[in-house]
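K.L.:
below are the sequence and a predicted model; questions follow.
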Amino acid sequence: MEPVLEAEGLVKRFGDREALRGVSLSVAPGELVGVIGPNGAGKTTLLSILAGSQRPDEGEVSRSPGEVGWVPQQAALYGKLTVEENLRLFARLEKCPDVGAAVDGMLEQTQLGDRRHSPVAELSGGNRQRVNIAIGLLPDPPVLLLDEPSTALDPRQRERLWEFILALSKGGTAVIYSTHNVAEAERYASQLAVLADGERLFSGSPAELEQTVGTSDLDFEEAFVRFLHDQGH
Amino acid sequence: MRWLFLKDLTILRRSPLLVALLVIYPIVISVLIGFALSAGPDKPKVAFVNEVPASENIINLGGEEVDVSKYADQIFESIDPVRVSSREEALKKVEDGEVLGALIIPADITDKLDSGLGSAQVEVIYNAEDPLKRDLVRNTIKSQVQDANAALTKRFTELAIRDLNTVLQGGTINFPIRGDVDILGLQKSREVLEQARDELPEDSPARPEIERVIQFAGLADFGLDLFPPEKVLAAVGEPIQPKLTEVEGGRTPLDAFAVAIAVTVSLMFVTLLLAAGTLAAEREENAFLRLVRGLVSKTGLLVEKIGLAAFCSLVVTLLMMCGLALFVGLDFGRAGFWVIALAAGALAFGAMGVAIGALTREVRAASLLAFMISLPIAFLAIVPSGAVSPALYDVIRVVSALFPFKPTLAALDAAINDAGSLTTPLLHLAALVAAFSLAARLALRRFV
Ligand SMILES: Nc1ncnc2c1ncn2[C@@H]1O[C@H](COP(=O)(O)OP(=O)(O)O)[C@@H](O)[C@H]1O
Ligand SMILES: [Mg+2]
């Protein structure tokens, strides 16, 4: 199948520090890609380059920012505006053809209809994250980027989030998400991108990662830690 | 950009406390500054030329020696004199801003005073560069000349009354050329006339005539009651008259200038804080990350923030102007110029504000920096040129030119009072808009 998003040899430097050292990625339609790695590995940097929010020092991304939905790690919302006003503002900035329909569609999809008139600052963390995601979905992108979407959520909210993401994926939207929760990546990824110190150490499915480590008696998290250890991290 | 603009207006509307502070604070500050300015500094520097040769400082008033320089000293009680030797030198010092004004005592002043005919003139030259300074000098010198006048007048009056007394009772009066002249006096002349009458035959035709002259001489009995000092005082009038000469144009009355200062201060605070604050808030809310990935260009974001801040502050300051106009009596016919001047100033402060916001990247730091920069700039811009040394004043002029306060004040002064050119400050402001926008755009590179 034709990839929906490709990135080739991405390098990003912050002064002397290399946050990404030649990372490549290819994503098929409807695919769920888990970007995992310890804190500071370069996950956020990778996703924001794919989103077009930052520019790589080297390398290319196949899609322009307008064709990619992006949900940054911290909610990028206006606290003083209501849920609906936030959605409407971004729908207009994204130049959605029918702003009202796009906003209503998102309110329904994220089940936030009853909170539409609440200022975002008064929402719970889970609801705020849903608005954050809804804004990323407004342009109805073929690819959605989610930076640690579940980190601030409690287990029940997390469950609902994944239901939502799986439904998107079934509908044909490719979803690339980052997480440092290894179990989550095992459950919800068809492709893993393991990052450490700005390098992509592995690409393949979670099952393939376990095979690479080669000890079938270890659970996935142990296998992952051993993998990083074997790679010198 | 339009939607961002409306978004920011909505957010402002939902922050009533912030908006109230934003409007009330500058108004309080500007009123305080207005008060502080109207007090004025003490002992301004004034160049002083005395063209009267030292030997001629003494004038002769009816035989009484009066030292004119003693009265000149009175003028110096509340000014700091810088003695120079010629009118040209004094004029140059005023033009260079080394002194606030000059006082010139012409060589003929003693002759004029001596003759007692008409007033003697002293010349006052002052720099009309700004009305605060002009009023300070004019008022100071005027009141000092008045004091000197009062003292001289009192002296003149005393001498005049003494001479009148002599006319009544007899004695000597000193005249300028003829020197001491013996005066018989009315009292004595009556006695002489009474003797003459008694020696005349009863039916002499001259008798009634002499009788009438005797009656007239009888006035002497009333003595000085005939010449109340107030009447004499009024007759002597103003011995010294100041002749006022302005260097450089400018006719702004102080209260209209105070309005320009107050409104400019408010414009500065509201615009700087709004522009710096809303730009920094964009980053704090994180939403900036979304905006700059193609939704709004970084330049577009700056334009929106400058526009927002300029629009809001323009509304606030125009309302303020209209309010003040009721008290000060501004010419509403010039309101079109007010809008132009305020809009240009608002854009320049807006550009400076986004530069502050882009540099600090945090709402608190941005507001603090905006505050810290504002007041010194405002004060520097209104330091009168003679109040500090010329070298320091040059530095102040350069620093003031780098910020929008001084050109905005000049533009607003021109707009309100038709004082000076409006084009020059507008061009200056346009240059500042370009420079600060560029600085902000560069700072935005490391904004994320
Ligand atoms: N704006 C920035 N300036 C300097 N260094 C940065 C910046 N953003 C990220 N980094 C550095 O790049 C590395 C990768 O960061 P990040 O992509 O946020 O990691 P992760 O999301 O995996 O925790 C880290 O070492 C981080 O300190
Ligand atoms: Mg991260």
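P.N.:
Sure thing, it's come through. Ligands and ions are numbered 1, 2, ... in the order given.

K.L.:
which parts of the stretch 101-250 of chain B are helices?
P.N.:
B:109-115, B:131-169, B:186-199, B:207-217, B:229-236 (DSSP state H, counting those that start in this stretch).

K.L.:
lowest mean pLDDT across these, which one is that?
P.N.:
Of all the helices of the stretch 101-250 of chain B, helix B:229-236 carries the lowest average pLDDT, namely a mean of 56.

K.L.:
flag every residue of chain A that's near ligand 1.
P.N.:
A:14, A:17, A:19, A:37, A:39-45 (CB under 6 Å from any ligand atom). The C-beta positions use only the backbone N, C-alpha and C, and glycine is treated the same way.

K.L.:
filter those to the buried ones?
P.N.:
A:19, A:37, A:41-45 (16 or more other CB atoms under 10 Å in any protein chain shown).

K.L.:
and residue 85, what pLDDT?
P.N.:
You didn't say which chain, so I picked chain A. At A:Glu85, the pLDDT value in this model is 95.

K.L.:
chain B, not that one
P.N.:
Reported pLDDT for B:Ser85: 86.

K.L.:
pretty sure it sits in a helix.
P.N.:
No: applying DSSP: H, G, I helix; E, B strand; the rest coil, one finds B:Ser85 to be coil, outside a helix.

K.L.:
residues in contact with the closest residue to it other than its chain neighbours?
P.N.:
In this structure, B:Ser85 finds its nearest non-sequential neighbour in B:Val49, 6.9 Å apart by CB to CB, 6 or more residues apart in numbering or on different chains. B:Val49 is in contact with B:83-87, B:89-90, B:102-105, counting by CB atoms under 8 Å, 6 or more residues apart in numbering or on different chains.

K.L.:
over to B:Val49. Which of the three states is it?
P.N.:
strand.

K.L.:
for ligand 2, state which of the buried ones among the residues of chain A next to ligand 1 is nearest.
P.N.:
Proximity of those to ligand 2 (CB to the ion) peaks at A:Thr44, which lies at 3.2 Å.

K.L.:
domain boundaries for the chain, per the record?
P.N.:
Picked chain A for this. A:1-63+A:143-233, A:77-141 (automatic domain parsing).

K.L.:
let's do chain B instead
P.N.:
Here the domain parsing of chain B from automatic domain parsing is B:2-38+B:249-447, B:45-156, B:184-237.

K.L.:
can the longest one be said to contact chain A?
P.N.:
Yep, that's domain B:2-38+B:249-447 we're talking about. Yes: looking at domain B:2-38+B:249-447 against chain A by CB under 8 Å from any CB of the partner chain, the contacts come from B:3-4, B:7, B:10-11, B:14-15, B:285-296.

K.L.:
looking at the residues you listed, which are in helices?
P.N.:
Counting by DSSP state H, the residues of domain B:2-38+B:249-447 next to chain A place B:3-4, B:7, B:10-11, B:287-290 in helices.

K.L.:
still on that earlier bit, go back to the buried ones among the residues of chain A next to ligand 1 and keep what's next to ligand 2.
P.N.:
Residues of those in contact with ligand 2 (CB under 5 Å from the ion): A:43-44.

K.L.:
just the ones of the buried ones among the residues of chain A next to ligand 1 in helices?
P.N.:
The helices, defined by DSSP H, take in A:43-45 from these.

K.L.:
which residues does the residue nearest to the spatial centre of chain A bridge with?
P.N.:
Among the residues of chain A, the one closest to the centroid is A:Leu146, at 2.0 Å (CA atoms, centre = their mean). Note on A:Leu146: beta-bridge partners by DSSP bridges are A:Val71, A:Tyr177.

K.L.:
wait, it touches A:Ile133, no?
P.N.:
Yes: between A:Leu146 and A:Ile133 there is a contact under CB atoms under 8 Å: 6.9 Å.

K.L.:
hey, what's in contact with both of these two?
P.N.:
Common neighbours of A:Leu146 and A:Ile133 (CB under 8 Å, 6+ apart) are A:Val71.

K.L.:
distance to A:Gly126 for the residues of chain A next to ligand 1 - can I get that in JSON lines?
P.N.:
Converted to JSON lines, these look like this (distance: CB to CB, whole Å):
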{"residue": "A:Phe14", "distance to A:Gly126": "32"}
{"residue": "A:Arg17", "distance to A:Gly126": "34"}
{"residue": "A:Ala19", "distance to A:Gly126": "29"}
{"residue": "A:Gly37", "distance to A:Gly126": "25"}
{"residue": "A:Asn39", "distance to A:Gly126": "22"}
{"residue": "A:Gly40", "distance to A:Gly126": "26"}
{"residue": "A:Ala41", "distance to A:Gly126": "26"}
{"residue": "A:Gly42", "distance to A:Gly126": "27"}
{"residue": "A:Lys43", "distance to A:Gly126": "21"}
{"residue": "A:Thr44", "distance to A:Gly126": "21"}
{"residue": "A:Thr45", "distance to A:Gly126": "26"}
